[in-house]
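**Student:** missing the sequence, but the structure's below:
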């Protein structure tokens, strides 16, 4: 199957992810070995921390994809961004290069201690600008991670929910594993993604997450979280 990784930091030298092209190539090799054929590069943009100009990020993306396609011609690689959404950065949604592949799709990250009313306010503002919001690694936010009702409310608003593969398999500890699996069990997750940063601690472990989910929740759930929901988002018929 042609699986997807919609959130990672594999683009080299633009944030705290891959440090160089060689590391990027190794990470893509691991994605490929694990059955991933569609990757959305989502480097951070966060004021005061990751502020590489969006046009510069795009140029790095173009050069990187040009090289990668020599070895992986059947790998589809899309341009994206993980935007840190806060009152300070809300205007950054106006830059299409802070969205996903020129579409009205926003992969949004928040302060882990954000209060729920502010999270909702920021999301509603993005939606009022015509954007579809994907909440990155929802299991990390204190205001919602132990409250299924709030996450259900976010989905009812139209948000899409992503959790990290490492959370699902327990790489980040038992607490996040339990939360992520409870969300999956209750059909409150749309995507599982690698959030890979490097070839060591924050590696690509999509295969382990797929095996875990298939064993606990069945193959159909795996297909939804790693392929079908992403295809629907991009308008691809399998």
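**Tutor:** All right, it came through fine. Since we're looking at a predicted model, the values are computed, not measured.
**Student:** break down the chain into its helices, ranges please.
**Tutor:** Shown for the chain, the helices assigned by DSSP state H span residues 21-33, 54-71, 116-128, 148-157, 165-169, 174-185, 206-217, 219-223, 229-234.
**Student:** now the fifth one: average pLDDT?
**Tutor:** On average, the pLDDT along helix 165-169 is 98.
**Student:** so what does that helix touch, helix or strand wise?
**Tutor:** Identification of packing neighbours for helix 165-169 by 3 or more Cβ pairs under 8 Å, 6 or more residues apart in numbering; DSSP states H and E yields helix 174-185, strand 191-193, helix 206-217. Every residue, glycine included, has its C-beta placed from N, CA and C.
**Student:** hang on, the earlier thing: tell me which of the helices of the chain sits most buried.
**Tutor:** helix 165-169 (a mean of 26; mean count of other Cβ atoms under 10 Å).
**Student:** wait, isn't residue 129 in contact with residue 93?
**Tutor:** Yes - proximity of residue 129 to residue 93 meets the contact threshold set by Cβ atoms under 8 Å, at 6.1 Å.
**Student:** and of the helices of the chain, who's closest to residue 196?
**Tutor:** Smallest distance to residue 196 across the helices of the chain (Cβ to Cβ): 5.8 Å, for helix 21-33.
**Student:** related to what we said a few turns ago, more crowded one of residue 129 and residue 93?
**Tutor:** Shown here are residue 129 and residue 93; by other Cβ atoms under 10 Å, residue 93 has more neighbours (21 against 12).
**Student:** does that one touch residue 83 like I think?
**Tutor:** Yes - using Cβ under 8 Å, residue 93 is in contact with residue 83, at 6.9 Å.
**Student:** quickly list what's touching both of those two.
**Tutor:** residue 106 (Cβ atoms under 8 Å, 6 or more residues apart in numbering).
**Student:** how near is residue 216 to residue 181?
**Tutor:** According to Cβ to Cβ, to the nearest Å, residue 216 stands 7 Å off from residue 181.
**Student:** oh sorry, the question was meant for residue 9
**Tutor:** 24 Å.
**Student:** returning to that earlier point: closest to residue 77 out of the helices of the chain?
**Tutor:** helix 54-71 (5.0 Å).
**Student:** mind giving me the packing neighbours of that closest one?
**Tutor:** In terms of contacts (3+ Cβ pairs under 8 Å, 6+ apart), helix 54-71 is packed against helix 21-33, strand 76-79.
**Student:** got a list of contacts for that helix?
**Tutor:** The contact list for helix 54-71 (Cβ under 8 Å, 6+ apart) reads 11-14, 21, 24-25, 28, 41, 43, 45, 75, 77, 79, 81, 95, 97-98.
**Student:** any of those residues buried? List them.
**Tutor:** 11-14, 21, 24-25, 28, 41, 43, 45, 75, 77, 79, 81, 97-98 (16 or more other Cβ atoms under 10 Å).
**Student:** for residue 99, which residues are in contact?
**Tutor:** 80, 81, 93, 105, 106, 131.
**Student:** pLDDT value on it, please?
**Tutor:** At residue 99, pLDDT is 97.
**Student:** any low-confidence regions in the protein?
**Tutor:** Applying pLDDT under 70 to the chain flags the ranges 1, 236-238.
**Student:** 90 instead?
**Tutor:** Scanning the chain with the threshold set as pLDDT under 90 gives 1, 47-49, 51, 102, 146, 201, 234-238.
**Student:** most distant residue from the middle of it?
**Tutor:** residue 70 (25.2 Å; Cα atoms, centre = their mean).
**Student:** how far does stretch 95-114 stretch from one end to the other?
**Tutor:** 24 Å (Cα to Cα, to the nearest Å).
**Student:** swap that for stretch 65-78, sorry
**Tutor:** One end of stretch 65-78 sits 9 Å from the other (Cα to Cα).
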